[in-house]
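Visitor: need a structure here:
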Amino acid sequence: MPKIVRVRPVLLSAPYADPATSAEVILHLPAARRTIGMVELTLDNGIVGLGEGYLAVFAPHVFRSIVELVAPVLQGRDPRELAPLLRELGLTTGYWSWQGAAQHVISACEIALQDCRAQLAGVSVARLLGAAEHRPLRLYASGGDSVTTAAMTRELDAVAALGIDVFKIRARRHEAAKTAWVQRHARPRGIAIAVDMTQNLAIPSQTIADILAYLGEVTARGGAAPWFLEEALGPEEIRRYPELRRRTAPMRIAGGEIVTTAAELAERIDAGCYDIAQPDATVLGGIGPTLEVFRAAAGAGAEVFVHSWGGPVAMMANYHAALAGGGRMAEWPLPFFPLRAALLPGAWRVERGELHVPDTPGLGLRLTPEIEREYAFREDAVYRCLTDPSRLPPMSWE
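Guide: Residues are numbered from 1 along each chain as shown. The predicted structure is shown next:
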């Protein structure tokens with residue numbers, strides 16, 4: 001019987017995006033570096049499983065401390081005992097963080113356990129969890145945070161070079177001119193534009209009236225409504241999503257990336273909040289809960305596009321979930337972040353807008369001492385949520 005003999009939190013930091021032209025870096029990452037947090041499980045037979053939790057981007061020391069807190073639950077256990085292990089992890093953290101930070105750590109543990117289980121079985125995680133075939137995933141590119149037209153043009157060129165035909169940008173209600181500019185310049189490249197309005201934590205958030213005014217201006221100036229509209233309302237306005245869907249149809253409404261339990265996201269889907277649900281295995285509790293969302297969406301006639309804005313383990317966990325869950329489209333983060341490729345022994349391929357992941361045992365990732373040295377954690381590589389918008393340079397999108 002294989003046993004877990006070591007549970008280790010791992011923090012890594014790497015350069016991120018363009019510090020001169022990325023609004024995300026200017027506002028949130030002054031060191032121009034981003035951190036990821038992983039759980040590494042080592043078995044007595046030498047197999048190593050990796051998981052990632054999104055929490056470490058924002059609170060790396062909290063991530064590490066919670067991993068150390070739950071490590072005794074996993075130590076000495078068989079990773080194939082998934083259900084009892086997850087139940088005990090939930091009992092360890094549930095009282096004080098059933099829907100919060102600890103869920104990100106449990107996500108990392110679950111993903112690492114799935115990685116171990118699949119390696120023990122000699123198959124990929126996707127195949128272990130029911131994927132009938134190894135197939136490519138259609139991608140939409142995600143970025144669109146540039147503060148100059150020249151940098152945005154480079155983003156569009158990068159999307160076109162990958163053969164991807166949908167590009168999600170970030171734009172709020174006052175940025176209709178930006179959205180329309182990107183639409184006009186994307187159209188000759190055969191690229192449709194989706195919009196992330198980043199309202200998932202906004203209190204108060206923009207209103208439905210704000211959104212309708214924005215869409216009217218975008219359509220008038222850019223010639224089309226967005227391909228989909230993501231996170232358009234804040235957490236206090238979740239109940240308004242069905243109304244928003246009715247009033248913006250046939251445009252599709254997407255969201256769900258910060259939801260930390262499958263039950264809550266399934267409830268939102270059943271309530272008619274989304275045309276497209278966007279679970280993230282590094283937030284939701286792992287790959288298994290993400291598959292629960294796929295099942296809920298199938299029953300409600302909704303689609304699932306997995307959210308994938310983390311490091312390489314996050315990306316592979318979500319892509320394997322999509323393959324196992326029957327997903328047809330997934331997010332491809334565009335900003336430069338060398339860690340995303342560093343852990344893959346054989347590079348993934350994007351051809352004609354489709355992602356081909358290696359059909360190797362587990363998640364197909366390897367962490368080496370060389371990678372840890374090259375991308376050692378830096379204390380200044382922490383995402384700052386409290387920002388000063390005046391730091392952004394003046395932008396013109398005419």
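Visitor: Spell out the residue ranges of the strands in this protein.
Guide: 4-15, 33-43, 48-53, 137-142, 166-170, 192-196, 228-230, 252-255, 276-277, 303-306, 329-333, 349-351, 354-356 (DSSP state E).
Visitor: wait, doesn't residue 251 sit right on residue 230?
Guide: No: with contact defined as Cβ atoms under 8 Å, residue 251 does not reach residue 230; the gap is 11.3 Å. To be clear about C-beta, it is placed using only N, CA and C from the backbone, and glycine gets the same treatment.
Visitor: For those two, work out which one has more neighbours and name it.
Guide: A count of neighbours by other Cβ atoms under 10 Å puts residue 230 above the other of residue 251 and residue 230, at 26 against 19.
Visitor: can you tell me how far the more buried one sits from residue 104?
Guide: 20 Å (Cβ to Cβ, to the nearest Å).
Visitor: same deal with residue 197?
Guide: Taking Cβ to Cβ, one finds residue 197 at 23 Å from residue 104.
Visitor: So if we follow the domain assignment, how does the chain break up?
Guide: 4-123, 127-362 (automatic domain parsing).
Visitor: Kindly check the end-to-end length of the last one for me.
Guide: Across domain 127-362, the terminal residues are separated by 9 Å (Cα to Cα, to the nearest Å).
Visitor: same question, the shortest one
Guide: Distance across domain 4-123, first residue to last, is 19 Å (Cα to Cα).
Visitor: average pLDDT for that domain?
Guide: For domain 4-123, mean pLDDT rounds to 97.
Visitor: Same question for the longest one.
Guide: Over the span of domain 127-362, the pLDDT mean works out to 96.
Visitor: residue contacts, residue 110?
Guide: Taking Cβ atoms under 8 Å, 6 or more residues apart in numbering, we find residue 110 in contact with 51, 82, 86, 281, 285, 286, 287, 288, 289.
Visitor: Neighbour-wise, which one of the residues you listed leads?
Guide: Among these, residue 281 has the most neighbours (other Cβ under 10 Å), with 36 neighbours.
Visitor: does that one really touch residue 292, like I thought?
Guide: No: using Cβ under 8 Å as the test, residue 281 is too far from residue 292 to be in contact (11.1 Å).
Visitor: circling back to that earlier point, so which of the domains of the chain comes closest to residue 371?
Guide: domain 127-362 (5.3 Å; Cβ to Cβ).
Visitor: returning to what we had before: could you identify the most distant pair in the contacts of residue 110?
Guide: Pairwise distances across those peak at 14.2 Å for 82 and 281 (criterion: Cβ to Cβ).
Visitor: in the helix ranked longest in the chain, what counts as buried?
Guide: When the chain is parsed with DSSP state H, its longest helix is helix 101-121. For helix 101-121, the neighbour count (16 or more other Cβ atoms under 10 Å) marks 101-120 as buried.
Visitor: just to revisit the earlier point, could the strands of the chain go into TSV alongside distance to residue 176?
Guide: Listed next are these as TSV, based on distance: least, Cβ to Cβ, whole Å:
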stretch	distance to residue 176
strand 4-15	32
strand 33-43	29
strand 48-53	35
strand 137-142	20
strand 166-170	12
strand 192-196	10
strand 228-230	12
strand 252-255	18
strand 276-277	22
strand 303-306	24
strand 329-333	23
strand 349-351	30
strand 354-356	31
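Visitor: Ok, which of these comes nearest residue 150?
Guide: Going by Cβ to Cβ, the one of the strands of the chain nearest residue 150 is strand 166-170, 15.4 Å.
Visitor: Strand partners (parallel or antiparallel) of that closest one?
Guide: strand 137-142 (parallel), strand 192-196 (parallel) (DSSP bridges).
Visitor: tell me how far stretch 289-301 is from the chain's mean position?
Guide: 17 Å (Cα atoms, centre = their mean, to the nearest Å).
Visitor: Equivalent analysis for stretch 332-348, please.
Guide: On Cα atoms, centre = their mean, the centre of stretch 332-348 falls 14 Å from that of its chain.
Visitor: can you check stretch 251-263 too?
Guide: The answer for stretch 251-263 is 11 Å, by Cα atoms, centre = their mean.
Visitor: so how far is the first residue of that stretch from its last?
Guide: 26 Å.
Visitor: Also stretch 6-23?
Guide: 40 Å.
Visitor: which one is residue 236 nearest to, not counting chain neighbours?
Guide: Nearest non-adjacent residue to residue 236, counting by Cβ to Cβ, 6 or more residues apart in numbering: residue 203, 5.8 Å away.
Visitor: just checking, that neighbour touches residue 234?
Guide: Yes: using Cβ under 8 Å, residue 203 is in contact with residue 234, at 5.5 Å.
Visitor: Of those two, which one has the most company?
Guide: For residue 203 versus residue 234, neighbours defined as other Cβ under 10 Å are more numerous around residue 234 (19 against 9).
Visitor: Enumerate every residue touching the more buried one.
Guide: Per Cβ under 8 Å, 6+ apart, neighbours of residue 234: 199, 200, 201, 202, 203, 204, 205, 206.
Visitor: Next, work out how far apart it and residue 273 are.
Guide: In terms of Cβ to Cβ, residue 234 sits 13 Å off from residue 273.
Visitor: just residue 88 next, same as before
Guide: For residue 88, the distance to residue 273 - Cβ to Cβ - is 32 Å.
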